[in-house]
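S.K.: Based on what follows, work out the 3D shape:
(2 chains)
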There are 2 protein chains.
Amino acid sequence: MKKIINNPNEVLNDMLKGMCAAHPEYLKKLENANVVARVNTPVEGKVALVSGGGSGHEPAHGGYVGYGMLDAAVAGEVFTSPTPDQVYEAIKAVDSGKGTLLVIKNYSGDVMNFEMAKDMAEMEGLNVEAVIVNDDVAVENSTYTTGRRGIAGTVFVHKIAGSKAETGASLVEVKEVAEKVIANVRSMGMAISPCTVPAAGKPNFTLGEKEMEIGMGIHGEPGTHREELKTADEITDHLVSKILEDMPVKQGEEVAVMVNGLASTPYMELYIANKKVSEILAEKGIKVHKTFVGEYMTSLEMAGFSVSILKLDKELKTLLDAKADTPAFKVFG
Amino acid sequence: MKKIINNPNEVLNDMLKGMCAAHPEYLKKLENANVVARVNTPVEGKVALVSGGGSGHEPAHGGYVGYGMLDAAVAGEVFTSPTPDQVYEAIKAVDSGKGTLLVIKNYSGDVMNFEMAKDMAEMEGLNVEAVIVNDDVAVENSTYTTGRRGIAGTVFVHKIAGSKAETGASLVEVKEVAEKVIANVRSMGMAISPCTVPAAGKPNFTLGEKEMEIGMGIHGEPGTHREELKTADEITDHLVSKILEDMPVKQGEEVAVMVNGLASTPYMELYIANKKVSEILAEKGIKVHKTFVGEYMTSLEMAGFSVSILKLDKELKTLLDAKADTPAFKVFG
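M.R.: Got it, this is the predicted structure:
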């Protein structure tokens, strides 16, 4: 597997340097920690949001640091949870005295390490809460997960809880709305080719020349099944059906949609998938308030995509539409 | 080559449907033409901008239709110029009476067909001008090109000429600033894997397991040479050196940088490349005003990236920083 890198052991350092060099108006790297934080952190009078996880999912999570989303993103090695001390450094850097919410994707390592950091911060007298995102309807329990995995729906949690925090809401209120997003977002993905962790040097799974995997995770964890590649319409129909089976959406209700490329899937194919998503929802009388098509939660160079559907009420809609200004996610508001 | 599509002959239709369904607040498809136009077109009192070309480069060009960039994007079949009548339909739809600027990437088919559309529109009494973008320093003349190819630097032309048009400038003034951008932007790319036109069904070139191609075009046109894959630093150094040889930038001058992913290259690797770009420019005392890292001008599922450098003066800087609100390019202004 060819990669445009310098040294497999330096990809995290090099990437963080390149990211901060690209976006100095938004980001600074904390000294002595693989944490990317807002340039103006801590933001006075605002609950802080910290997220992160293993690297390899860019623009998640550093790309979502900025106004209306995260205050800091902690970057572990590729597909590896950041250590508790790194998360702790992030909390210390961003806490303005109003408390910090940790947004954790549901992987056992992330949950353990973020929770330990929370304990460490609380022992220092900081006020920290945590929410766990588990939007992937594909499978219960997985290679690195007890329960459901957290995938692209996490970006909706960043956006909506982040905008709530900008209103000056309390830690309890920000946590509440984050949990409301989690309760109302579901995702599912598929892949047609694997990815390769730089230090491993070989693909994390293999697929036949005409084969696809349905419901795999963003680290290549097994999905629900493999089968021969079908049409975009058939694949999309399957993903959306599984999502709506799990979370019924009634005629007349409103949703936000995310069609998320895992990396190697061209925009052309993501738009083709969105054609079918929009047709299915229109047929059911479900109103699409806003659609996001792009690469939001990637998986190194994996080819494939996921669909996320977020059921909206008035509060979620208002917060989704509020201003966000980050390197990878901008809403005029 | 696996693709997430329905029918190789329907990718353009399906994509345009999916794109317009995703962004109804920005885009509408013209009836009877593969043209994506601003919902509120024609914009009274504003010079209109029309661009486009073969499909397969998404988000170019439909993703750049909106405030501060394009009024319409004409979409040909994959890697195939749109026909003159399609371009003509675009011009007719967006012209507010203040004239239209065509932004053409330098491919013989595009130039011929856009120029023919210009003639057709002029015969109807419309005022149309055209500029040709040729930012790729890699090679003179190519498979589909006389002179240099137009690649990712085109997005800077859209942005800056588009923002000029929003000020109420005349067609002559908008054309002038577009030409200033063209005179001051240079790009060069590299690839580690090819792409496959859906209707062709096989890759447009092949590369050995450790091989890369330097300077290839966004349709897989041959570059300057092939060699064994080097480090990200070495590759980036080569690309930036070729750009700066062609367009010297003095110490103290300011530039905008675009590190553009061709599709399959992860954000992680784009940021790693940007690390080196920023180091080289810092060493030379060249100030980076703004950096764009992402997928701006793709090449189906090709893996690789390009670097573009735009030399800025006060006017270009102001226009680059002005508000843009399109599906794929947002500046708060």
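S.K.: Chain A: helices as residue ranges?
M.R.: A:11-22, A:84-94, A:108-123, A:154-166, A:171-184, A:232-246, A:267-283, A:314-321 (DSSP state H).
S.K.: Make a markdown table from these and add distance to B:Ile235 and mean pLDDT to it.
M.R.: Any C-beta I mention is one placed from the backbone N, CA and C, and that applies to glycine too. Output for the helices of chain A, formatted as a markdown table (distance: least, Cβ to Cβ, whole Å; pLDDT from 0 to 100):
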| stretch | distance to B:Ile235 | mean pLDDT |
| --- | --- | --- |
| helix A:11-22 | 13 | 98 |
| helix A:84-94 | 30 | 98 |
| helix A:108-123 | 33 | 98 |
| helix A:154-166 | 31 | 98 |
| helix A:171-184 | 41 | 98 |
| helix A:232-246 | 34 | 98 |
| helix A:267-283 | 24 | 98 |
| helix A:314-321 | 39 | 98 |
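S.K.: Kindly reformat the ones you listed as TSV containing mean neighbour count and distance to B:Asn127.
M.R.: Supplementary listing: the helices of chain A in TSV, determined by neighbours: other Cβ atoms under 10 Å in any protein chain shown; distance: least, Cβ to Cβ, whole Å:
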stretch	mean neighbour count	distance to B:Asn127
helix A:11-22	23	39
helix A:84-94	24	54
helix A:108-123	19	59
helix A:154-166	28	43
helix A:171-184	20	50
helix A:232-246	19	42
helix A:267-283	23	33
helix A:314-321	18	38
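S.K.: who wins for proximity to A:Met297 among these?
M.R.: Proximity to A:Met297 (Cβ to Cβ) singles out helix A:154-166 among the helices of chain A, at 6.3 Å.
S.K.: Just the C-alphas of the closest one, formatted as PDB.
M.R.: C-alpha atoms of helix A:154-166 as PDB (Å, rounded to 0.1, in the frame of the first residue of the first chain):
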ATOM      1  CA  THR A 154     -20.700  12.200  16.100                       C
ATOM      2  CA  VAL A 155     -20.200  15.300  14.000                       C
ATOM      3  CA  PHE A 156     -23.800  16.300  14.600                       C
ATOM      4  CA  VAL A 157     -23.200  16.000  18.300                       C
ATOM      5  CA  HIS A 158     -20.200  18.300  18.000                       C
ATOM      6  CA  LYS A 159     -22.200  20.800  16.000                       C
ATOM      7  CA  ILE A 160     -25.300  21.000  18.100                       C
ATOM      8  CA  ALA A 161     -23.800  20.700  21.500                       C
ATOM      9  CA  GLY A 162     -21.100  23.200  20.400                       C
ATOM     10  CA  SER A 163     -23.700  25.700  19.300                       C
ATOM     11  CA  LYS A 164     -25.600  25.200  22.600                       C
ATOM     12  CA  ALA A 165     -22.400  26.000  24.500                       C
ATOM     13  CA  GLU A 166     -22.000  29.200  22.500                       C
END
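S.K.: what's the distance between that helix and the middle of its chain?
M.R.: In terms of Cα atoms, centre = their mean, to the nearest Å, the centre of helix A:154-166 is found 11 Å from the chain centre.
S.K.: what about it and chain B, touching?
M.R.: No: Helix A:154-166 stays clear of chain B (Cβ under 8 Å from any Cβ of the partner chain), getting no nearer than 13.9 Å.
S.K.: Just give me the neighbour total for A:Lys287.
M.R.: By the measure other Cβ atoms under 10 Å in any protein chain shown, the count of residues near A:Lys287 is 14.
S.K.: contacting residues for it?
M.R.: Shown in contact with A:Lys287 (Cβ atoms under 8 Å, 6 or more residues apart in numbering or on different chains): A:252-255, A:281.
S.K.: between these, which has the most around it?
M.R.: A:Val255 leads the contacts of A:Lys287 on contacts (other Cβ under 10 Å) with 25 neighbours.
S.K.: one step back: need the contacts of A:Lys287 in CSV (columns: distance to chain B).
M.R.: Output for the contacts of A:Lys287, formatted as CSV (distance: Cβ to the nearest Cβ, whole Å):
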residue, distance to chain B
A:Gly252, 18
A:Glu253, 18
A:Glu254, 14
A:Val255, 13
A:Leu281, 9
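S.K.: Okay, and which of these map to strands?
M.R.: A:254-255 (DSSP state E).
S.K.: taking the mean pLDDT, what do you get for stretch A:254-265?
M.R.: Across stretch A:254-265, pLDDT averages out at 98.
S.K.: which of the residues in it are buried?
M.R.: By 16 or more other Cβ atoms under 10 Å in any protein chain shown, the buried positions in stretch A:254-265 come out as A:254-265.
S.K.: Pull the most distant pair out of the residues you listed.
M.R.: Going by Cβ to Cβ, the pair spanning those furthest: A:Glu254 and A:Ser264, at 31.9 Å.
S.K.: on that earlier part again, just send the contacts of A:Lys287 back as TSV, with distance to B:Phe205 too.
M.R.: Converted to TSV, the contacts of A:Lys287 look like this (distance: Cβ to Cβ, whole Å):
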residue	distance to B:Phe205
A:Gly252	51
A:Glu253	48
A:Glu254	46
A:Val255	42
A:Leu281	40
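S.K.: which bits of the stretch 51-200 of chain A sit near chain B?
M.R.: Checking the stretch 51-200 of chain A against chain B by Cβ under 8 Å from any Cβ, the hits are A:55-56, A:58-59, A:63, A:78, A:192-193.
S.K.: how does it look with 7 Å?
M.R.: Residues of the stretch 51-200 of chain A lying close to chain B (Cβ under 7 Å from any Cβ of the partner chain) are A:55-56, A:58-59, A:192.
S.K.: Export those residues as JSON lines, with columns for distance to A:Leu70.
M.R.: Output for these, formatted as JSON lines (distance: Cβ to Cβ, whole Å):
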{"residue": "A:Ser55", "distance to A:Leu70": "15"}
{"residue": "A:Gly56", "distance to A:Leu70": "18"}
{"residue": "A:Glu58", "distance to A:Leu70": "14"}
{"residue": "A:Pro59", "distance to A:Leu70": "11"}
{"residue": "A:Ile192", "distance to A:Leu70": "31"}
